[in-house]
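> sequence plus predicted model, see below.
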Amino acid sequence: MAMIVQKISISVIPILLAVILHEVSHGWVADRLGDSTARYSGRLTLNPAAHIDLFGTIILPLVLLLTTRGRFIFGYAKPVPINPYNLRHPRRDMIWVSLSGILTNLALAAVSAMLFRIVASASPGSWSLIATPLVMMLWESVRINIILAVFNAIPIPPLDGSRVLAHLLPPEQAAVFSKLEPYGFIIILLLVFTGIIDFIWPIIRFFMVLLLGPYMI
């Protein structure tokens with residue numbers, strides 16, 4: 001039980017940052033490409049109150065944390081509203097809007113890994129009470145952001161990978177593919193709880209080794 005409490009305490013801030021910046025990046029890129037819906041909706045903010053989804057940001061990560069014993073954590077914030085018809089080049093621009101979340105999580109993982117290396121290689125001395133939880137939190141940030149990036153790249157609605165694929169497919173095939181959306185969340189849960197999702201772990205480990213190198217365990 002103590003281990004679960006510790007896992008939750010060091011995961012809360014990394015999860016919040018990961019999912020909030022993921023959504024803000026969608027809105028920011030859309031805003032730059034012509035759609036200001038997210039900005040006018042007050043979603044281009046780091047204020048957690050504007051983004052937290054009771055199920056996706058709190059309940060789902062906790063359930064996954066408990067049921068997978070901390071091995072797999074996933075969550076999401078409230079989707080940022082985007083109107084593709086406001087984009088200057090809707091099909092092309094929606095690809096960049098969709099990729100922005102994945103790229104943001106990879107960037108956060110890289111920054112967290114850099115900070116982890118700096119703190120882990122320093123001699124903590126009298127500030128070990130701060131350094132130890134900070135190192136654990138940065139490690140968790142690397143892991144969470146890589147998981148979110150890789151998981152979101154899977155082409156299953158409503159994940160970002162499905163948005164990219166839908167806008168790469170010809171319109172007729174894209175319309176057929178979009179019919180999966182009502183069942184997407186059920187498919188995702190089945191992948192998680194049947195263990196089929198394990199195919200992503202070699203990819204996640206590759207990025208972990210790439211970013212953490214000798215600090216990878």
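That came in fine, so what should we check first?
> what does stretch 89-98 contact?
Stretch 89-98 is contacted from outside by 26, 29-30, 33-34, 82, 84, 87, 160-161, 163-164, 167-168, using CB atoms under 8 Å, 6 or more residues apart in numbering. Where you see a C-beta, it was placed from the backbone N, CA and C, and this is true even at glycine.
> can you say which of these are buried?
Listed as buried from those are 26, 29, 30, 33, 82, 84, 87, 160, 161, 163, 164, 167; burial here means 16 or more other CB atoms under 10 Å.
> let's have the contacts of stretch 89-98 in a markdown table, adding secondary structure and pLDDT.
Output for the contacts of stretch 89-98, formatted as a markdown table (DSSP: H, G, I helix; E, B strand; the rest coil; pLDDT from 0 to 100):
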| residue | secondary structure | pLDDT |
| --- | --- | --- |
| 26 | helix | 97 |
| 29 | helix | 98 |
| 30 | helix | 97 |
| 33 | coil | 97 |
| 34 | coil | 96 |
| 82 | coil | 95 |
| 84 | helix | 92 |
| 87 | coil | 96 |
| 160 | helix | 95 |
| 161 | helix | 95 |
| 163 | helix | 92 |
| 164 | helix | 94 |
| 167 | helix | 90 |
| 168 | helix | 92 |
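> and the lowest-mean-pLDDT helix or strand in the chain, what does it pack onto?
Least confident helix or strand, the chain: helix 60-67 with a mean of 78, by mean pLDDT, DSSP states H and E. On a contact count with 3 or more CB pairs under 8 Å, 6 or more residues apart in numbering; DSSP states H and E, helix 60-67 meets helix 2-32.
> report the separation between residue 157 and residue 178.
Residue 157 sits 7 Å away from residue 178, taking CB to CB, to the nearest Å as the criterion.
> out of these two, which sits in the busier spot?
A direct count of neighbours by other CB atoms under 10 Å for residue 157 and residue 178 places residue 157 higher, at 20 against 14.
> please, which helix or strand holds that one?
Assessed by DSSP states H and E, residue 157 sits outside every helix and strand.
> how much space separates it from residue 179?
9 Å.
> so which residue is smack in the middle of this structure?
residue 148 (3.3 Å; CA atoms, centre = their mean).
> what about residue 209, neighbour count?
Applying other CB under 10 Å, we find 12 other residues in the vicinity of residue 209.
> OK, contacts around residue 17?
Here residue 17 is in contact with 108, 141 (criterion: CB under 8 Å, 6+ apart).
> pLDDT value on it, please?
With respect to pLDDT, residue 17 scores 94.
> equivalent analysis for residue 179, please.
Note on residue 179: pLDDT of 86.
> quick one: neighbours of it, just the number.
9.
> could you measure from it over to residue 141?
According to CB to CB, residue 179 stands 36 Å off from residue 141.
> could you do residue 150 as well?
Distance, residue 150 to residue 141, using CB to CB: 15 Å.
> out of these two, which sits in the more crowded spot?
It is residue 141, of residue 150 and residue 141, that has more neighbours when counted by other CB under 10 Å, with 24 against 19.
> residue ranges with poor pLDDT in the chain?
Across the chain, residues meeting the criterion (pLDDT under 70) sit at 1-5, 69-72, 123-129, 217.
> many thanks, have a good one.
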